[in-house]
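# below are the sequence and a predicted model; questions follow.
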Amino acid sequence: MPEKIELPITGMNCAACAARIEKELNKMEDIREARVNFPLKKAVILPKTDIELKQVISLIRDIGYDVDIEADVTVRARKEEAELRKDFTWAVALSVVIMVFSMWMVLPYNNFVLLLLTLPVQFYFGLRFHRSALSNLKHFTADMNTLISVGTSAAFFYSAFVTFFPHVISAAGVSTMTYFDSSAMIISLILLGRYFESKAKTRTYTAIKLLYELAPKECVLLKDGVETRVPTDSLEVGNTVLVRPGERVPIDGVVAEGGSYVDESMITGESMPVHKNSGDEVIGGTINGRGSITVTTTRIGSDTVLAKVIRLVEEAQFTKAPVQRLADRVAGVFVPIVILIGICAFLVWFFFGPEPKVTNAILSFVSVLIIACPCALGLATPTAIMVATGVGAKKGILIKSAEALELTNKTKNVLFDKTGTLTEGVVVLADIIPLNSRDEKEILRIAYNLEKQSEHPFSEALRKRAQESDISPAEVGDFEAIVGRGITGSVDAVSYRMGNRTFYEEEGRKLDDATAHIYEEKEQSAASPVLLWSDSGLMAILTFSDRLREESASVIRQLREMGVEPVMITGDSQNGAKTISSRIGIDRYFYRVLPDRKAAIVEDFRKNGVTIMVGDGINDAPSLAAADIGVAMGKGTDIAIESADVVLMKGQLSRLVSLIKLSKKTLRIIRQNLFWAFIYNILGIPIAFGALYPFFGIRLEPVFGAAAMVVSSISVVSNSLRLRLFKE
């Protein structure tokens, strides 16, 4: 019996579809638990006992969906996106023609032409809504698809009746107006919304695909002294592979021979490459520096660290509950009530209304359904979201989902990755402290020329500073790198050493109290101090660090003023984490944290309120996906950006505060829109029923119902456009 079964599902249009499939699967006796993820279009089933796959697939198909075992998830996503784009393009093109012929250009047999033009929009491009509505009816449920199907169908079939039997309508003293344009345009606009939703979901699959591509597909296997290029997935535990300079480590293992600096930022998030020597562990997907190493494989397949990171990202998608829009939440109650009211209107007019009873009953039924069509209700949220995302883009904030924008206003905690988020993520020469009256420029010249022979990451920081200071290169002799200690060499025929305190003291030297205090202070401040000395004595302390962003402290202060708790997560040491957090005003921090632990921390914070995670590295992908809202720095890695819900495109941390303020403003607008949309329905439906007829002889014809629907929609759109005036 398999531990779990994963099935790719097609035909889901919204979170309600996923919930329905999940509910039905969990009713099966042989299933312990079933979870259906709408963004990933996938079901994960944990069976109790042996279960036939055909039985599960049959159930899914019975409730109106399908299982596509052969198709790749990314291929399916792109196919769905392409289909929606095509359907919307054709639907809107036909809708524009229909509107032109309805309002401005009257042709011979105009209504018949409109009927023919509307048919493909209503029953081909809008088929997904009607199919879902029928499936809902079969299981006695309702959602926005039901509203769309009922409303557009009422408008279409009434218009078709008017087209074929205009004399029946005119005999009742009612205008023979048709509403083909209403049904066509409603379907077109909602297809546009579905297209944008599909486009956003494709990014989720892209993020996971990018993670898979980190591990090299091939590597060099060493066997009996012979080098053979083989597929990485053919490796076994105990194999030895050669990793040349600049290559990615293909698999998790232990260094057998050689030494090099390895960039592990994708896992730890720290910008400083780590020196690896014989016996040290290396992780698949990390980048080797300038030295060649041989690695003995210790973990393969799903046991590797990279595979676990990928699994964390996928699982986080299942645990992230999407925000259900208010319109969707009430649809299950609203739609049956509207249909019931429509039926009641028909019966009342049929039994108690004036002649012609049948015509009046049909008109009242249709009026109720048309005025209940979810135009304003459907526009209430998406128009505000659309305007808000446009405003955000102008301010350098790329908001990738409506759910993220809706949730952000409720933020209780913001968790920051340190490197590349609160800091700039680049090693720089922070300062030079000359000792014994040495010249700073001369110290820089010596250090730069010594270090330029090295593969150490400090060499790049020295090179940049030397270029800025117009330092010229010099001949370096007798160069030697001492692993884990430092370097030696001669510049202008004078011998120098450069390295850590251990290297200095191994020569029998000792730092005086004042210098030792400076050195220790630099270490505790999350920096890396390096000593430079010659035979004549100690010359300087050079400090390398990852520089803090200038805006970090200001952002933290503003978050606190908004009642949001800032928290820092880092792979750095406790001293380094403490120093950085105190400098920018953060009280809570977590140190020496790897990706799996980082995602777990995010989950813990989510239990106490809406949580934002801000990061920029590959190691942040699982935690960005696990958070209620993942925010990536625009200058970060592609994977972090793809995994996030929001991207700060210019890497400006201050845009995070703007995002929260924009979210709060947007939610106020959405609530106002929903209020007016509901008021329109609350007032309009009774009038359409005929509540005013006994007292004033007033009844709401379908034409006025459609006009009221347009006015309501315009008010919602106009209110949403006020977001363009948003100021921070």
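Structure received. This is a predicted model, so every value here is computed, not measured.

# show me where the stretch 401-550 of the chain has strands.
411-417, 423-434, 476-482, 486-491, 494-499, 528-534, 537-548 (DSSP state E, counting those that start in this stretch).

# show me what contacts residue 262?
249, 273, 274, 275, 276, 282, 286, 287, 288, 289 (Cβ atoms under 8 Å, 6 or more residues apart in numbering). (Each C-beta comes from the backbone N, C-alpha and C, glycine too.)

# buried among those residues? Make that a PyMOL selection.
Only the buried entries of those go into this PyMOL selection, using 16 or more other Cβ atoms under 10 Å:
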select buried, resi 249+273+274+275+276+282+286+287+288+289
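
# highest mean neighbour count out of the strands of the stretch 401-550 of the chain?
Counting by mean count of other Cβ atoms under 10 Å, strand 411-417 has the highest mean neighbour count of those, with a mean of 24.

# tilt between that one and strand 423-434?
Here strand 411-417 runs at an angle of 50 degrees relative to strand 423-434 (axes from the mean of the first three to the mean of the last three Cα atoms, to 10 degrees).

# what's near enough to touch residue 612?
So residue 612 contacts 408, 411, 413, 414, 415, 627, 628, 629, 630, 631, 656 (Cβ under 8 Å, 6+ apart).

# ok, residue 133 touching residue 145?
Yes: with contact defined as Cβ atoms under 8 Å, residue 133 counts as touching residue 145 (5.4 Å).

# pick out whichever of those two has more residues nearby.
residue 145 (25 against 21; other Cβ atoms under 10 Å).

# can I assume that one sits in a strand?
No: going by DSSP: H, G, I helix; E, B strand; the rest coil, the assignment for residue 145 is helix, not a strand.

# and residue 628, its phi and psi?
Residue 628 adopts backbone torsions of phi -60, psi -40, taken as degrees, to the nearest 10.

# cool, residue 511 as well?
Per-residue torsions, residue 511: phi -80, psi 140 (degrees, to the nearest 10).

# ok, now how distant is it from residue 502?
11 Å (Cβ to Cβ, to the nearest Å).

# which one's more surrounded, the two?
Neighbour tally, residue 511 and residue 502, criterion other Cβ under 10 Å: the higher count belongs to residue 511, 17 against 10.

# count the neighbours of the nearest residue to the more buried one once chain neighbours are set aside for me.
The shortest distance from residue 511 to any non-neighbouring residue, by Cβ to Cβ, 6 or more residues apart in numbering, is to residue 519 (6.4 Å). Taking other Cβ under 10 Å as the criterion, the count of residues near residue 519 is 20.

# can you check the pLDDT for residue 433?
As summarised for this prediction, residue 433 has a pLDDT of 90.

# and if you look at residue 293?
Taking residue 293 on its own, its pLDDT is 91.

# my guess is it meets residue 254, correct?
No: Residue 293 is beyond contact range of residue 254, at 10.2 Å (criterion: Cβ under 8 Å).

# need the residues touching each of these two.
residue 282.

# and these two? Which one has more around it.
residue 293 (26 against 15).

# which non-adjacent residue is nearest the more buried one?
residue 258 (3.9 Å).

# wait, that neighbour touches residue 290, no?
No: counting by Cβ under 8 Å, residue 258 does not reach residue 290; the two are 11.1 Å apart.

# neighbour count: those two, which is higher?
Neighbour count, other Cβ under 10 Å: between residue 258 and residue 290, residue 258 has more, with 16 against 13.

# ok, the residue nearest to residue 237 when sequence neighbours are not counted - contacts?
Counting by Cβ to Cβ, 6+ apart, residue 297 is the residue found nearest to residue 237 once chain neighbours are left out, at 5.5 Å. By Cβ under 8 Å, 6+ apart, residue 297 lies in contact with 235, 236, 237, 238, 239, 240, 241, 251, 252, 253.

# what's the spacing between the strand or helix carrying residue 297 and its chain's center?
Element membership for residue 297 (DSSP states H and E) is strand 293-299. On the basis of Cα atoms, centre = their mean, to the nearest Å, strand 293-299 is displaced by 34 Å from the centre of the chain it belongs to.

# can you give me the buried ones in it?
293, 294, 295, 296, 297, 299.

# now, which of these sits nearest residue 158?
Of all the buried residues of strand 293-299, residue 158 sits closest to residue 299, with 66.3 Å by Cβ to Cβ.

# list the residues that contact the closest one.
Residues near residue 299 by Cβ under 8 Å, 6+ apart: 237, 251, 252, 253, 305.

# most widely separated two among the residues you listed?
Largest separation among the contacts of residue 299 by Cβ to Cβ: 237 and 305, giving 14.9 Å.

# for these two, indicate the residue with more neighbours.
residue 305 (20 against 14).

# contacts only, for the more buried one.
252, 267, 283, 284, 285, 299, 595 are the contacts of residue 305 under Cβ under 8 Å, 6+ apart.

# does the fifth one touch residue 251 like I think?
In this case it means residue 285. No: at 9.1 Å, residue 285 does not count as touching residue 251 under the criterion of Cβ under 8 Å.

# and for the two, which residues touch both?
Common contact partners of residue 285 and residue 251 (Cβ under 8 Å, 6+ apart): residue 215.

# quick one: which of these two has more around it?
residue 251 (27 against 24).

# what sits closest to the more buried one if chain neighbours are left out?
Per Cβ to Cβ, 6+ apart, closest to residue 251 is residue 284, 4.6 Å.

# coming back round to it: name the nearest of the contacts of residue 299 relative to residue 393.
residue 305 (35.5 Å).

# export the strand holding residue 297 as CSV, just CAs?
C-alpha atoms of strand 293-299 as CSV (Å, rounded to 0.1, in the frame of the first residue of the first chain):
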residue,chain,number,x,y,z
ILE,A,293,37.4,18.9,-4.9
THR,A,294,36.3,15.3,-4.9
VAL,A,295,33.1,14.4,-3.1
THR,A,296,31.9,11.1,-1.7
THR,A,297,28.2,10.8,-2.0
THR,A,298,26.3,10.4,1.3
ARG,A,299,22.6,11.2,0.3
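
# need the helix or strand of this protein with the lowest average pLDDT.
Within the chain, no helix or strand scores below helix 305-319, which has a mean of 59 by mean pLDDT, DSSP states H and E.

# off-centre distance for whatever helix or strand comes next after it?
Heading C-terminal from helix 305-319, the first helix or strand you meet, by DSSP H and E, is helix 326-352. Mean C-alpha position of helix 326-352 versus that of the full chain (Cα atoms, centre = their mean) differs by 38 Å.
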